[in-house]
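**Student:** Need coordinates for the below:
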Amino acid sequence: MCAHVMVAEDDEKQAELVRRYLEREGHAVTLVRDGRAAIESVRRRPPDLLVLDVMMPRADGLDVLRVLRAEARELPVLMLTARSTEDDLLLGLDLGADDYMTKPYSPRELMARVRTLLRRTRLGPPADRVLSVGTLAVDPDRHEVRVDGDQVECTPGEFRILAAMAAEPDRVFTRQQLLEELHGFDRYISHRTVDVHIMNLRKKIEPAPRRPARLLTVFGVGYKLADPAKAKSAGRG
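**Tutor:** Alright, predicted model coming up:
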């Protein structure tokens with residue numbers, strides 16, 4: 001699975017190490033040394049995957065992510081950070097990162113994460129139909145989400161979660177099952193990753209995110225995607 005991977009990393013030795021590992025797996029690699037260069041390079045030639053360091057000159061990785069997601073760019077982003085607190089990591093996910101690794105990291109594990117993101121982004125869910133749950137429609141082929149006919153922009157991670165749940169409405173998914181949709185069997189990823197994606201999805205698909213009617217919490221178990229109209233009808237019955 002050869003791909004174009006951009007590595008935004010100001011540490012020259014670290015960038016060269018990542019480049020060598022990526023090229024060894026057959027990928028074409030573009031290296032950039034600062035945040036502004038990363039934004040400009042993505043605009044000129046969008047990569048299949050962006051490996052993005054948080055601490056960079058001229059614009060840090062979080063600012064880069066803010067700009068790219070504001071432009072509705074859906075490329076998968078793997079963040080590298082020396083900040084190991086949960087709040088810092090969740091902030092990256094909240095801004096639309098698909099995965100993260102804390103420094104120091106194993107290059108072999110980094111390559112495994114890259115393979116997982118590329119595989120899931122390229123294959124995605126089955127693309128033979130639009131998945132509808134009430135007035136929510138998920139189109140895997142076009143990578144589109146619509147609510148009441150209006151398009152909603154989702155990150156690749158958010159889209160994978162929503163597509164999996166839309167394929168089986170009313171099924172209760174555990175956090176672990178949703179993590180497997182995101183990253184496969186990965187013991188290094190926290191269940192809080194799923195919670196952040198769910199929170200962000202609610203902001204996008206719910207009229208009142210604090211009182212969700214579509215993306216529901218099943219306490220002690222996980223989450224499910226439901227049709228609000230059916231729930232109202234059942235309540236009247």
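**Student:** Can you report how many residues neighbour residue 33?
**Tutor:** Residue 33 has 18 neighbouring residues, counting by other CB atoms under 10 Å. Where C-beta positions appear, they are placed from N, C-alpha and C, glycine not excepted.
**Student:** before we move on, what about residue 142?
**Tutor:** Counted with other CB under 10 Å, residues neighbouring residue 142 total 11.
**Student:** Give me the contacts around stretch 91-98.
**Tutor:** For stretch 91-98, the external contacting residues (CB atoms under 8 Å, 6 or more residues apart in numbering) are 52, 54, 61-62, 65-66, 68-69, 76-79, 81, 100, 117, 155-157, 182, 193, 196-197, 199-200.
**Student:** Report the backbone C-alpha coordinates of it in CSV.
**Tutor:** Extracted in CSV, the C-alpha atoms of stretch 91-98 (Å, rounded to 0.1, in the frame of the first residue of the first chain):
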residue,chain,number,x,y,z
LEU,A,91,-6.9,18.6,22.5
GLY,A,92,-5.3,17.2,19.4
LEU,A,93,-8.1,14.8,18.9
ASP,A,94,-10.7,17.5,19.5
LEU,A,95,-9.2,19.6,16.7
GLY,A,96,-9.5,16.6,14.3
ALA,A,97,-6.4,14.5,14.6
ASP,A,98,-7.0,10.8,13.8
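**Student:** How confident was the prediction at the closest residue to residue 205 other than its chain neighbours?
**Tutor:** Counting by CB to CB, 6 or more residues apart in numbering, residue 147 is the residue found nearest to residue 205 once chain neighbours are left out, at 5.2 Å. Looking at residue 147, its pLDDT stands at 94.
**Student:** Which residues are in contact with the residue nearest the centre of the chain?
**Tutor:** The residue lying closest to the centre of the chain (CA atoms, centre = their mean) is residue 157, at 2.6 Å. By CB under 8 Å, 6+ apart, the residues touching residue 157 are 76, 93, 96, 97, 98, 99, 182, 197.
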